[in-house]
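Enquirer: Below is the structure, and that's it, no one-letter string:
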Ligand SMILES: CC(=O)N[C@H]1[C@@H](OP(=O)(O)OP(=O)(O)OC[C@H]2O[C@@H](n3ccc(=O)[nH]c3=O)[C@H](O)[C@@H]2O)O[C@H](CO)[C@@H](O)[C@@H]1O
Ligand SMILES: C=C(OP(=O)(O)O)C(=O)O
């Protein structure tokens with residue numbers, strides 16, 4: 001019964017260093033199997049999803065050497081081209097689907113368990129499939145596995161019907177080892193799409209335009225060795241930004257790319273927080289009661305859906321009524337019932353949440369329904385009066401490294417506990 005026990009009320013103050021981006025690192029790792037050479041990758045976050053993917057890659061024959069806590073050397077030379085990617089853990093993560101594009105590109109054959117991931121709405125993969133088919137692959141879905149096979153992959157002009165991070169990256173990977181040229185239109189522009197394109201280029205791919213909505217790929221025959229460093233995690237950084245504001249603290253958030261945080265910074269400034277940008281850091285603080293605002297989640301450079309729950313917690317403490325429209329995933333307000341237990345006043349109608357700000361939260365026993373909602377409930381607990389427990393924190397480990405340690409260093413009273421006895425002990429100690 002792993003859970004967090006939190007005593008709220010301390011403003012979070014100090015410095016925190018942000019790790020590598022989970023949602024960039026996952027496709028970069030998958031793409032690393034596309035070369036028989038060696039890839040040295042650093043700034044790799046040590047989080048659960050990464051470890052699940054690395055284990056699955058090892059199981060199909062990739063040579064994985066953890067040369068440091070945040071550094072890994074990978075060679076895809078030993079992979080069996082006829083392999084199946086499947087185990088009980090890989091079925092639970094979303095990014096398993098990147099092995100379809102990577103293996104299809106390299107071996108013209110991939111068979112991978114259908115992806116899992118956070119339950120935040122229906123998450124079809126039709127655009128991935130459409131892209132692979134247009135490159136010449138045949139797709140079959142059977143017994144929870146997706147197979148993609150092709151005699152050869154040929155470049156194509158692909159228009160994505162929806163802006164999809166996963167489909168853009170997956171098709172970009174497969175197309176980079178196809179014959180001829182590919183154009184992906186209506187591509188996702190997220191920083192992690194650019195990071196994966198840069199990684200593929202450093203192995204020898206010829207990709208231009210990543211970060212715009214048209215990506216042009218000239219297929220090459222094979223990839224070679226490379227050395228690469230993953231970009232900082234936009235969402236981990238954003239989470240600490242909202243933690244600073246919700247607890248009326250003052251945090252210097254280091255190892256970030258401020259440009260990637262602009263949508264989050266702009267909203268925090270709008271509600272009355274102070275955000276100061278440095279070359280690779282942002283300092284975020286709040287002293288007074290926050291003002292309300294409206295937010296619509298959108299593909300990059302819009303406000304990220306992965307920051308929606310953390311921002312909702314912050315707005316629930318503001319003065320006035322805020323409206324959040326969730327335009328990416330239709331079921332991403334599952335944390336609202338939990339937050340209501342802490343005193344928040346939020347009404348959800350479909351994809352819209354209407355938040356009437358309250359003066360403060362009170363501690364309660366809540367559970368994390370998914371990764372970002374879990375982080376948001378922890379922030380709520382840190383800003384609440386009294387004790388909060390957050391259960392189902394396995395979700396949080398999927399994407400945050402040393403979350404409770406980082407929060408403790410900032411003055412948060414939070415501890416990982418395994419029993420009611422430990423909860424009681426914490427309460428006695430902290431009083
Ligand atoms: C591992 C990873 O990087 N996960 C991120 C990735 O998820 P993921 O790659 O699953 O998200 P997408 O960008 O693909 O999804 C965006 C929208 O497109 C729809 N869609 C997507 C693919 C498809 O084939 N058909 C389709 O209709 C989805 O249902 C959703 O409504 O981007 C999301 C949007 O920024 C983030 O919330 C996730 O944290
Ligand atoms: C939704 C997320 O992850 P995934 O797509 O892996 O479920 C996330 O990172 O917020």
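Expert: Sure, I can see it. Predicted model only: the values in this text are computed from it and were never measured. Ligands and ions are numbered 1, 2, ... in the order given.
Enquirer: Look up the closest residue to the residue in the chain that ligand 2 sits nearest to, ignoring the ones flanking it.
Expert: Nearest residue of the chain to ligand 2 (Cβ to the nearest ligand atom) works out as residue 117 at 3.0 Å. The way it works is simple: take the backbone N, C-alpha and C, and place the C-beta from them, glycine included. In this structure, residue 117 finds its nearest non-sequential neighbour in residue 94, 2.9 Å apart by Cβ to Cβ, 6 or more residues apart in numbering.
Enquirer: tell me the contacts of that neighbour?
Expert: 49, 115, 116, 117, 118, 123, 166 (Cβ atoms under 8 Å, 6 or more residues apart in numbering).
Enquirer: Bridged to residue 319, which residues?
Expert: residue 291 (DSSP bridges).
Enquirer: Count residues in the vicinity of it, would you?
Expert: 15 (other Cβ atoms under 10 Å).
Enquirer: Please look at it and residue 289 and confirm they touch.
Expert: Yes. Under the criterion of Cβ atoms under 8 Å, residue 319 makes contact with residue 289 at 5.1 Å.
Enquirer: Quick one: name the residues of the stretch 51-200 of the chain near ligand 2.
Expert: 94, 95, 117, 118, 120 (Cβ under 6 Å from any ligand atom).
Enquirer: just checking: which of those residues also lie near ligand 1?
Expert: 94, 95.
Enquirer: TSV for the residues of the stretch 51-200 of the chain next to ligand 2, including distance to residue 377, pLDDT and secondary structure?
Expert: Shown next, in TSV, are those (distance: Cβ to Cβ, whole Å; pLDDT from 0 to 100; DSSP: H, G, I helix; E, B strand; the rest coil):
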residue	distance to residue 377	pLDDT	secondary structure
94	21	91	coil
95	24	92	helix
117	19	83	coil
118	14	82	coil
120	15	88	coil
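Enquirer: For the residues of the stretch 51-200 of the chain next to ligand 2, which two are the farthest from each other?
Expert: Farthest pair in these (Cβ to Cβ) is 95 and 120. Separation: 14.7 Å.
Enquirer: show me what contacts the residue of the chain closest to ligand 2?
Expert: 92, 93, 94, 95, 123.
Enquirer: Of those, which is the most crowded?
Expert: residue 95 (24 neighbours).
Enquirer: Name the nearest residue to it, sequence neighbours excluded.
Expert: Nearest to residue 95 is residue 26, by Cβ to Cβ, 6+ apart, at 3.6 Å.
Enquirer: Now the one you found: which helix or strand?
Expert: helix 22-32 (DSSP states H and E).
Enquirer: and the helix or strand following that helix, which residues are buried?
Expert: Scanning forward in sequence from helix 22-32 by DSSP H and E, the next helix or strand is strand 38-42. Using 16 or more other Cβ atoms under 10 Å as the test for burial, strand 38-42 gives 38, 39, 40, 41.
Enquirer: Closest one to residue 20 out of those residues, please.
Expert: Proximity to residue 20 was ranked across the buried residues of strand 38-42 by Cβ to Cβ; first place goes to residue 41, at 8.8 Å.
Enquirer: What are the boundaries of the helices in the stretch 301-431 of the chain?
Expert: 308-315, 336-341, 371-383, 394-397, 403-409, 420-430 (DSSP state H, counting those that start in this stretch).
Enquirer: Of the ones you listed, which shows the lowest average pLDDT?
Expert: Mean pLDDT is lowest for helix 420-430 among these, at a mean of 89.
Enquirer: which helices and strands sit right next to it?
Expert: strand 3-7, strand 413-417 (3 or more Cβ pairs under 8 Å, 6 or more residues apart in numbering; DSSP states H and E).
Enquirer: which of those sits most buried?
Expert: Of all the helices and strands packed on helix 420-430, strand 3-7 carries the top mean neighbour count, a mean of 25, counting by mean count of other Cβ atoms under 10 Å.
Enquirer: Provide the strand pairings for that strand, with the direction of each partner.
Expert: In the sheet, strand 3-7 lines up against strand 387-391 (antiparallel), strand 413-417 (antiparallel) (DSSP bridges).
Enquirer: C-terminal to that strand, what's the next element?
Expert: Strand 3-7 is succeeded, C-terminally, by strand 13-17 (DSSP H and E).
Enquirer: Give me the residues contacting that next one.
Expert: Residues contacting strand 13-17 (Cβ under 8 Å, 6+ apart): 240, 249, 250, 251, 252, 253, 254, 255, 406, 409, 410, 411.
Enquirer: chain center to it, what's the gap?
Expert: 21 Å (Cα atoms, centre = their mean, to the nearest Å).
Enquirer: ok and the residue in the chain nearest ligand 1?
Expert: residue 166 (2.7 Å).
Enquirer: That residue contacts residue 100, doesn't it?
Expert: No. In this structure, residue 166 is not within contact of residue 100 by Cβ under 8 Å, at 10.1 Å.
Enquirer: rewinding a little: residues in contact with the residue nearest to residue 95?
Expert: Contacts of residue 26 by Cβ under 8 Å, 6+ apart are 49, 50, 53, 93, 95, 98.
Enquirer: Checking my notes, the second one in a helix, right?
Expert: Put plainly, it is residue 50. Yes. Per DSSP: H, G, I helix; E, B strand; the rest coil, residue 50 lies within a helix segment.
Enquirer: Who are the contact partners of it?
Expert: If you count contacts by Cβ under 8 Å, 6+ apart, residue 50 has them with 22, 25, 26, 29, 44.
Enquirer: Residue 415: which of those residues is nearest?
Expert: For the contacts of residue 50, the residue nearest residue 415 by Cβ to Cβ is residue 22; the value is 23.8 Å.
Enquirer: Now residue 331: closest residue in space, sequence neighbours ignored.
Expert: residue 121 (4.3 Å).
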